[in-house]
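Chemist: Fold the stuff below for me.
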Amino acid sequence: MKKTLLAVAATLAASAFPTVASAQLSFNVGATTDYRYRGVSQSRLKPAVSAGADYAAGAFYVGAWASSIKWVKDGGGDGNMELDLYGGYKGELAKDVGFDVGILAYVYPGNDLPTSANTTELYGAITFGPATLKYSHSVTNLFGFADSKNSGYLDLTATFPVGPVSVTPHIGYQKVRGTGNDPFSYTDYSLTVGYEAMPGLTLTAAVVGTDNKQYVSPAGKNLGKSALVLGVKYGF
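Modeler: Reported below is the predicted structural model:
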C-alpha cells in the first residue's frame, strides 16, 4: 500500500509539472550519533546512517529517505531499516506566509510485529517568517501501537540565522491514542545549531529530549532522555 501511495503521488505530480526545466532532483547522505525522531531514539541511543532523494517540479514534490534503526528488533520484530516515502504540494498564501500539505508513509520492511510498525500520516503546515506550525495525523495505527489510528503530532519549529550558523528551537506534542491513560503520549523538545562547513556539507549539534520515560531499551535505558546529538549531512 505504501508503494502504491508513492506511485499515485508521483503520477499526480508528473501530470501537473509545468515544465521539465523547472524540475529538480537532489540527493543526501548523513550520519548521526543517535537517530532521534520526535525526541525518541530510533537507534537505541547508538549512531545511525541515512540517505535520501527528492524530486520537485513547480509546487509538487516526492521523495524517499531511509535510515538504520534498532527499535523494531527491540520490540520483538525483525528488520533494521526505516524507509519514508512522501509526496506533497507547497506554496504561498501571502507574502511571508507559506503552506505545505502532503502524505508520508513510514515503512519498516519485514517488521513482523503483532501490530505492524508501518504507519501513514497526512500532514499540513503553515510557515510565517522563520516559524513553522505543523500537524501530522495518522490514518493507520501509529508505529506498532494497537488501536492507535487517528493519533496526532503537533509541533512548532523556527530557524534563525546567527552569523555563519543557524539556530533552530523546536517543541512538539505526540498524542498516542488507544494506550489507556496516555502513558505513551509526550512532549518533545530540541535546540539545534547548524553550520555549513562547505557547500552541501552541514554539521549539526542538538540538545534533544522528551518528558516521557515510557520508551526504554531492552537494557532499561530511557530512549527519550535529554542528550547531545551530533550529525553530519551532505546534499548534492
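Chemist: Out of the helices and strands in this protein, which is least certain?
Modeler: Here the helix or strand of the chain ranked lowest by mean pLDDT, DSSP states H and E is helix 2-16, holding a mean of 38.
Chemist: and the next element down the chain from that one?
Modeler: Reading on from helix 2-16 to the C-terminus, the next helix or strand found by DSSP states H and E is strand 24-32.
Chemist: now the spatially most central residue of the chain: how far from S116?
Modeler: Nearest to the geometric centre of the chain sits Y37, at 6.3 Å (CA atoms, centre = their mean). Distance, Y37 to S116, using CB to CB, to the nearest Å: 17 Å. C-beta coordinates here come from the backbone N, C-alpha and C atoms, glycine included.
Chemist: And the helices in this protein, which stretches?
Modeler: Taking DSSP state H as the criterion, the chain carries its helices at 2-16, 71-74.
Chemist: who's in contact with the shortest one?
Modeler: Applying CB atoms under 8 Å, 6 or more residues apart in numbering, the set of residues contacting helix 71-74 from outside is 41-44, 78-80, 108, 111, 113, 117, 144, 217-218, 223.
Chemist: wait, doesn't G235 sit right on L25?
Modeler: No. Look at G235 against L25 with CB atoms under 8 Å: they stay out of range, at 11.7 Å.
Chemist: okay, these two: which has more neighbours?
Modeler: More neighbours surround G235 than the other of G235 and L25, with 14 against 10 (other CB atoms under 10 Å).
Chemist: quick one, what contacts that one?
Modeler: When contacts are counted by CB under 8 Å, 6+ apart, G235 touches S26, F27, N28, G200, T202.
Chemist: Please, a ChimeraX command that selects the buried ones among those residues?
Modeler: Buried residues among those (16 or more other CB atoms under 10 Å), as a ChimeraX selection:
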select :28,202
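Chemist: Now flag whichever of the contacts of G235 is closest to V97.
Modeler: S26 (25.1 Å; CB to CB).
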